[in-house]
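**Q** pasting a predicted model and its sequence here:
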Protein chains: 2
Amino acid sequence: MILTLNGDELKMNLKRVGNQTMVFANPPVILASYSVVGPKEGQGPLGQSFHTVWEDGLHGEKSWEVAESKMLQAAMQGAIDQISFPKEQIDFMLAGDLLNQIISANYAARQLALPFIGIYGACSTMALGMALGSMLIDGGFARNVLVGASSHHDTAERQYRLPTEQGAQRAMSSQWTVTGAGSVLLGQFGQGPRITSATIGRVIDYAIKDVNNMGAAMAPAVADTILNHFLDMQLKPADYNLIASGDLGRIGLGLACELLKQSGMDIGTSFTDCGVMIYDESQDVHSGASGCGCSAVVFAGDIMQRIKAGELKKVMLVGSGALHSPTSALQGESIPGIGHAVVIEG
Amino acid sequence: MILTLNGDELKMNLKRVGNQTMVFANPPVILASYSVVGPKEGQGPLGQSFHTVWEDGLHGEKSWEVAESKMLQAAMQGAIDQISFPKEQIDFMLAGDLLNQIISANYAARQLALPFIGIYGACSTMALGMALGSMLIDGGFARNVLVGASSHHDTAERQYRLPTEQGAQRAMSSQWTVTGAGSVLLGQFGQGPRITSATIGRVIDYAIKDVNNMGAAMAPAVADTILNHFLDMQLKPADYNLIASGDLGRIGLGLACELLKQSGMDIGTSFTDCGVMIYDESQDVHSGASGCGCSAVVFAGDIMQRIKAGELKKVMLVGSGALHSPTSALQGESIPGIGHAVVIEG
């Protein structure tokens, strides 16, 4: 049956549910994942789950920026190599990072030489890339898509805050930018966990202006995306084994729980945050971790490991981004946040 | 008939042609387009084709950055208002700009409150957004997608080069960043020109390090994307009425022609550049124009007008981006380029 309106064929959007959620007809498979981290992340509670741990953040390069791009490249190549995947069957590379003009991703893309789509979602980049990559595969535009994201403590510190060498004291509400890069290789078919749905977030701004409290700035957007996901899917948090935001830190996680409670949602005990998981309290990171690399490596390492082991059957990763810049902050603008969610089933 | 491999259903990628090109099964319609520009662009040869011309670049705001974001918001709202389109039927907003952390797009997205996908492709952003938006619609993930891109001479000048107030002399190979924002509203059905195919580019680097000659840095990527598009589609340049890159400027355009010629392709007389079209020589812009806003407003204004008038039947817009940052340039890195193409048929 073909429906038409004014002569144009009407297609039903069966892949779209509610206002913001996509349900994939042929859920893309996560064929491989790879994580590369710095020494501090390697010493943290998830250290054993990462594929490669660098001994120092410079890794023999002449600048931290070059090191970050090489780290992203290593993570993306790592995902390919892990299953000896034929590179010519990868149709797109999707990547982004925190640096101005996403140079880490651009230079990694130059080396990988794949058709490249640059994305910017601050710390939500990995989830955004996985959502977009899944749409490109499920939509029939790609057989396989390589997704990656990175951050680096020292490149972020000097770009967003103060020269690292200055050793300025950090606010207790601040989060420590992860030095790490994570990547997943998504495929149209094969064996592995599948991305079954995705929810693209809206920009939400609760007028937070404190750049040392990004968890508070992002929490409303994460809560909004979680609420909309469950509303769109007509499911409840208890249907998922793990709901991991990335990266709200301890303060932001508490605020997101509070906002969800105020909206009448009992998020339960399965809600945590990649920025809370990656370091332990003895590592002096204050409110937790942040950076595109944080949720990227926690997902590519620990979470993927637990899905594959059968410990987790259904996981929601909610990437959260603070969409300001040092310029907008200095001009007195507040910090808008965004949350993008992907659901992965083992 | 269902083909399977190891129990997994094999789908044919009928929407993908060759290595980098997508051919849309149900080509998305450009329902509306809108352009907002600054005074210099309004005085140029295409001045009459723009929908709104601002009298000055600050437009009553307290900073050029705020003005740029408002300009992008105005262009995107303009596309919606032009056909009084119901906003709740727009499923995604895709946008980007040149500013660090794409703040123009982020703050515009905050006001428009649509599910938002931030993209970064430097001056290729508009074409990248149109390509991605078309995939989201044709893939069945969206009914309608709003795409936009902006740049602002004064925000770009002080971020990438020198304080505007300094009035430094510009190199003859440099390009003038356009103050402008363009937007298109894409739909699954309706009346208007259609996006029939798209070619996603690879990052190409010919080791150009001169930040005052971005045309030279981007020309190889544009040539690569054009060559791959015609190879994938098994067509030739003469099949198109207009091939417009955006934005190579005069020097880059000449170099792209030369590279195509060396590769054995006769690009013919239909090849031009949005950065050459938007200003005339008396406007003292040296090699031409650049900035995400340039190809966005030339497409949303002049080119759309000529397609609708029936003057142009088949157009290829090749967005071109220089993927460096001031940091990477100061660290001695070369400037990688990328080109993304979309084909529009009247």
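**A** Alright, I've got the coordinates.

**Q** can you tell me the element residue A:294 falls in?
**A** Taking DSSP states H and E as the definition, residue A:294 sits inside helix A:292-298.

**Q** and the residue nearest to residue A:142 when sequence neighbours are not counted, what is it in contact with?
**A** Computed as C-beta to C-beta, 6 or more residues apart in numbering or on different chains, the closest residue to residue A:142 that is not its neighbour in sequence is residue A:91, at 3.7 Å. From N, CA and C alone the C-beta is placed, and that goes for glycine too. Residues in contact with residue A:91 (C-beta atoms under 8 Å, 6 or more residues apart in numbering or on different chains) are A:114-115, A:136, A:141-145, B:16.

**Q** drop anything exposed from the residues you listed.
**A** A:114-115, A:136, A:141-145, B:16 (16 or more other C-beta atoms under 10 Å in any protein chain shown).

**Q** quick check: domain ranges of chain A?
**A** A:21-187, A:194-345 (automatic domain parsing).

**Q** got JSON lines for those, with mean pLDDT too?
**A** Formatted as JSON lines, the domains of chain A follow (pLDDT from 0 to 100):
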{"stretch": "domain A:21-187", "mean pLDDT": "97"}
{"stretch": "domain A:194-345", "mean pLDDT": "97"}
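
**Q** with distance to residue B:181 added, can I get those domains in TSV?
**A** Output for the domains of chain A, formatted as TSV (distance: least, C-beta to C-beta, whole Å):
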stretch	distance to residue B:181
domain A:21-187	17
domain A:194-345	17
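
**Q** so residue A:329 versus residue B:264, what's the distance?
**A** 51 Å (C-beta to C-beta, to the nearest Å).

**Q** quick one on the thing from earlier: now, the buried ones among the contacts of residue A:91 that are in helices?
**A** residue A:136 (DSSP state H).

**Q** reformat the buried ones among the contacts of residue A:91 as TSV; add distance to residue A:126.
**A** Converted to TSV, these look like this (distance: C-beta to C-beta, whole Å):
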residue	distance to residue A:126
A:114	17
A:115	19
A:136	16
A:141	20
A:142	18
A:143	21
A:144	17
A:145	13
B:16	25
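
**Q** the buried ones among the contacts of residue A:91 in strands, which ones?
**A** When DSSP state E defines the strands, the subset of the buried ones among the contacts of residue A:91 inside them is A:144-145, B:16.

**Q** now do the SS call for the residue nearest the centre of chain A.
**A** In chain A, the centroid-proximal residue (C-alpha atoms, centre = their mean) is residue A:126; its distance is 3.0 Å. Assigned with DSSP: H, G, I helix; E, B strand; the rest coil, residue A:126 falls in the helix class.

**Q** that one contacts residue A:245, doesn't it?
**A** No: counting by C-beta atoms under 8 Å, residue A:126 stays clear of residue A:245, with 12.0 Å between them.

**Q** overlap in contacts, the two.
**A** A:295, A:319.

**Q** related to what we said a few turns ago, neighbour count winner among residue A:329 and residue B:264?
**A** residue A:329 (17 against 7; other C-beta atoms under 10 Å in any protein chain shown).

**Q** how about the more buried one, secondary structure?
**A** helix.

**Q** how about the nearest residue to it, chain neighbours excluded?
**A** In space, residue A:329 is closest to residue A:211, 5.0 Å off (C-beta to C-beta, 6+ apart).

**Q** is it true that that neighbour touches residue A:328?
**A** No: checked against C-beta under 8 Å, the pair residue A:211 and residue A:328 is beyond contact range at 9.8 Å.

**Q** show me which of the two is the more surrounded one.
**A** residue A:328 (25 against 19).

**Q** my read: that one touches residue B:103, true?
**A** Yes: in terms of C-beta under 8 Å, residue A:328 counts as a neighbour of residue B:103; the distance is 4.9 Å.

**Q** what do these two both touch?
**A** residue B:65.

**Q** now the host helix or strand of residue A:81: buried residues?
**A** Secondary structure assignment for residue A:81, by DSSP H and E: helix A:64-82. For helix A:64-82, the neighbour count (16+ other C-beta under 10 Å) marks A:64-80 as buried.

**Q** out of the residues you listed, which touch chain B?
**A** Among those, the residues within reach of chain B (C-beta under 8 Å from any C-beta of the partner chain) are A:65-66.

**Q** what are the ranges of the helices in the stretch 1-150 of chain A?
**A** Along the stretch 1-150 of chain A, counting by DSSP state H, counting those that start in this stretch, helices occupy A:39-42, A:64-82, A:103-112, A:125-138.

**Q** near chain B, which residues of the stretch 151-300 of chain A?
**A** So the stretch 151-300 of chain A meets chain B at A:159, A:188-191, A:200-205 (C-beta under 8 Å from any C-beta).

**Q** switch to 10 Å and redo it
**A** Counting by C-beta under 10 Å from any C-beta of the partner chain, the stretch 151-300 of chain A comes close to chain B at A:155, A:158-160, A:187-191, A:198-205, A:225, A:228.
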